[in-house]
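In: mind folding the following:
(chains A and B)
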Amino acid sequence: MKVALIGAGGFIGNRIVEQLHMGTNHQVVPIVRKPYRLALPARFDVEWRLGDALDPNSLATALTGCDAAIHAALGDPRQIEAMPAALCAAAAASGVKRLVYLSTASVHGQAPAGGTNESSPLHTAHSMDYNNAKVRAEQGFFHECSKRQITGFALRPGVVYGPRSRWITDLAQDLRLGQAWLFNGGAGICNSIYVDSLGGAAINALTAPAGAAGPYLVGDNETVTWRDFYHAISDGLGLDSSTIRTVDRLPAFKRSTFEKIQRAVASPGIQGLLPLIPGALKRTTKQLIAATQLPPRPNAWSLPPRPAPRITEELALLQQCTWKFPHENAVERIGYQPRVSFKEAIVRSLAWFAFAEGRA
Amino acid sequence: MNTALNPSPTQHRVAPPVTSTAPVSLILIGCGAVSRLFYQPAILELIGRHEVRLAAVVDPLENARATLREKFPSVQSVNDLRQVEAPAGSLAIVASPPRFHAAHCQAALDRGWHVLCEKPMATTASDCATVTRAAEAAGRVLAVGLYKRFFPSSEYLHGLCQGGVLGRLLSFDLQEGGPFVWPAASPSFFVKSETPGGVLLDIGVHVLDLLLWWLGDPASFDYADDAMGGLETNALLKLHYANGAKGKMHLSRDWATKQRYSFEFERGSVEWTVNQANAITVKLKGLAALQGTLVDSLAVPAYTNPQCFIAQIQNVVAAIRGEAEVRVNGHDGERVTRLIEKCYANRRLLSQPWLEPAEAARALQLAQRP
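Out: All right, here's what the predicted structure looks like:
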């Protein structure tokens, strides 16, 4: 099968290109938007193409001659919502009959209710724009697939880690800087999935029965807590896990006025009006807003701040998760099997990290 | 390229130096990202100082030339070198894609122009040698665009590596590169038939040129990269020197490296952040690290990175006028290209223990294909 990989320059897309090219008989066609994103796919003698995941015409050209496509392109919330329509239109125009869309378990929220599975209803009242965008994107994907008679699969991974993953590199940095933290002793469930397992699920979906089309939650076999995850990385790096901060209370994460303005400007309605506003007025407004965001002037009589836990809204929500997403449906219907154990996955992730840091 | 075109050594002649102080006429061959981001501002500065004038821009793509013509509206804009009207003694800056360098250098020398060729000087050492011989035969200046040699910090490291203040060099660890973001207009960087090397033939040219300048040729080396039928995005080179020094170089287009060169000497260590033209960190044994900006005798900060790029062109202009030696000449360009060729000829597949065992075996097969 000739398989297009849209978003081949990213962490997940790259790994699936590797898996397809080195581990299957499929012919992979990496697709990236800009030439500079070819660095990783161009390590192989493969037929790569340029294509814009937001432009149906460009994407249709890039998909020509392919039997199926895996969509792993990234974007901001607005782009995320727009991509499925472009993908399905391009697939229809180029004769691609099967699509695998990388969605996310976050369509259920980072801390879903117990019992949540693929049939749980989705909503767009999440506090994180990313989640809402992914919900709309996935719904749009299935709607378009149905309309255009395309066999569509959506994969919903949780925390995807592995070589080149921010979950490895950012955590390593936080651990070294004394900024890593755990809420409730790290008892929250991580819903981890090693990138190879996600790639395996995507590859399985290429040949799964058409009747199995639909959304699938996928994850590691083990129920990995955040404590397990942090300690595995910390131990693997030879760091002292006892320095990981304990957080008993999480901040409220209210949006600042600046963030509210940013959100409003990013909305489709305002974006549609922007071309009508004179450039000089836009520039002045931007400058005024930027002026309010200047950092405070340094005070010569202050000492460097002590390391503080780096608490993001996403991580705060994730660490409150008490539910391990089931992946039995994926096992049963598309033959999903996690490729390696959590322990082995961490070993491989850290082997890459040692190389990336020049320690290998 | 056709080596039969080269004159014999007996035909070598030396052109009289250009004693005029009139601005040197420039021809910019290739209007891609390097011309737009580096040569354009440098030439503008030198035009303002009446040191050069831009006679022509050459590129087969009209839209590439158009971007430069916005800044230089009165220059000739042509799609072929043969259409350029510029007198002998002008300076051609060859900034076209690397596979055209040798041919464009030769064509420029045939017109009686001096040449500043962007790195890599050519894609093969034999092409470098041919161009160098042609320049010598024509009595023209030939310089190679390895401008990091002009960094005051590079010169400082050169001095330290020659032995002395900090004693003998024991080891070094060079890490350079990060996700590839060069705003190339076309994907030719990743087409093996057009660009025969990856990260080693790109930023590796600068790094290896500096190493050759600082330390000379290695006694032995071990080279590995991650090309698996295509072009490498990570390269790892281990080097040993006759004086016992050893070192490691890791280049990447894949992941953000530390962007740092570290050197261990007998009496201390030195760290240099990549592209910091005038700053360095020195740690004398037993004392804390000291980081500072290099300054001249009047405590004026030494040249910054862009100023060094300008200084490189000034050096070539001074050489044309007979006032200076070219700092990086064709022999230097050939030397580094030869080392890169040796690396590729002896390449091993980089160990990637994060791959599935079956994938690793397959990767080895792919890497060994001719």
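
In: just to check, B:H50 is in contact with B:V317?
Out: No. Using Cβ atoms under 8 Å, B:H50 is not in contact with B:V317; the gap is 11.3 Å. C-beta: built from backbone N, CA, C; applies to glycine.

In: of all residues in chain B, which one is nearest the centre?
Out: Central residue of chain B (Cα atoms, centre = their mean): B:L146, 3.3 Å from the mean position.

In: who's in contact with that residue?
Out: Neighbour list for B:L146: B:K119, B:V205, B:H206, B:D209, B:V328, B:D332, B:G333, B:V336 [criterion: Cβ atoms under 8 Å, 6 or more residues apart in numbering or on different chains].

In: show me which of those are buried.
Out: Taking 16 or more other Cβ atoms under 10 Å in any protein chain shown as the criterion, what is buried in those is B:K119, B:V205, B:H206, B:D209, B:V328, B:D332, B:G333, B:V336.

In: can you flag which of those residues belong to helices?
Out: Assignment to helices by DSSP state H places the following of those there: B:V205, B:H206, B:D209, B:D332, B:G333, B:V336.

In: coming back round to it: more neighbours: which of B:H50 and B:V317?
Out: More crowded of B:H50 and B:V317, by other Cβ atoms under 10 Å in any protein chain shown: B:V317, with 23 against 10.

In: so which residues of the stretch 201-350 of chain A form strands?
Out: A:214-218, A:245-247 (DSSP state E, counting those that start in this stretch).

In: tabulate those (CSV), appending mean pLDDT, mean neighbour count and distance to B:F265.
Out: What follows is the strands of the stretch 201-350 of chain A, written out as CSV (pLDDT from 0 to 100; neighbours: other Cβ atoms under 10 Å in any protein chain shown; distance: least, Cβ to Cβ, whole Å):
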stretch, mean pLDDT, mean neighbour count, distance to B:F265
strand A:214-218, 98, 24, 53
strand A:245-247, 95, 15, 39
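
In: quick one: those as a markdown table, columns for distance to chain B too.
Out: Formatted as a markdown table, the strands of the stretch 201-350 of chain A follow (distance: least, Cβ to the nearest Cβ, whole Å):
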| stretch | distance to chain B |
| --- | --- |
| strand A:214-218 | 18 |
| strand A:245-247 | 26 |
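
In: and A:A290, how many residues sit next to it?
Out: Using other Cβ under 10 Å, A:A290 has 10 other residues around it.

In: residues touching A:R255, list them.
Out: By Cβ under 8 Å, 6+ apart, A:R255 lies in contact with A:R263.

In: quick one, phi/psi of it?
Out: Dihedral angles of A:R255 (phi, psi; degrees, to the nearest 10) stand at phi -80, psi 140.

In: is it true that B:K248 lies in a helix?
Out: No. Assignment of B:K248 by DSSP: H, G, I helix; E, B strand; the rest coil gives strand, placing it outside any helix.

In: how close does it get to chain A?
Out: As defined by Cβ to the nearest Cβ, to the nearest Å, B:K248 lies at a distance of 8 Å from chain A.

In: run through the bridge partners of that residue.
Out: Here B:K248 sits in beta bridges with B:D173, B:K238, going by DSSP bridges.

In: what score does it have for pLDDT?
Out: Predicted confidence (pLDDT) for B:K248: 97.

In: which residues touch it?
Out: If you count contacts by Cβ under 8 Å, 6+ apart, then B:K248 has A:G358, B:F172, B:D173, B:L174, B:L236, B:L237, B:K238, B:L239 around it.

In: surely the third one touches B:S262?
Out: Meaning B:D173. Yes. B:D173 is within contact range of B:S262, at 4.7 Å (criterion: Cβ under 8 Å).

In: SS state for the nearest residue to B:R347 once chain neighbours are set aside?
Out: The shortest distance from B:R347 to any non-neighbouring residue, by Cβ to Cβ, 6 or more residues apart in numbering or on different chains, is to B:Y223 (5.4 Å). Secondary structure state of B:Y223, per three-state DSSP, is strand.

In: residues in contact with B:Y223?
Out: Listed by Cβ under 8 Å, 6+ apart, the contact partners of B:Y223 are B:A235, B:L236, B:L237, B:K238, B:C343, B:Y344, B:N346, B:R347, B:R348.

In: mind putting the residues you listed into CSV with distance to B:V58, neighbour count and secondary structure?
Out: What follows is the contacts of B:Y223, written out as CSV (distance: Cβ to Cβ, whole Å; neighbours: other Cβ atoms under 10 Å in any protein chain shown; DSSP: H, G, I helix; E, B strand; the rest coil):
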residue, distance to B:V58, neighbour count, secondary structure
B:A235, 32, 30, strand
B:L236, 38, 22, strand
B:L237, 35, 25, strand
B:K238, 41, 15, strand
B:C343, 32, 21, helix
B:Y344, 30, 17, helix
B:N346, 37, 11, coil
B:R347, 35, 19, coil
B:R348, 40, 13, strand
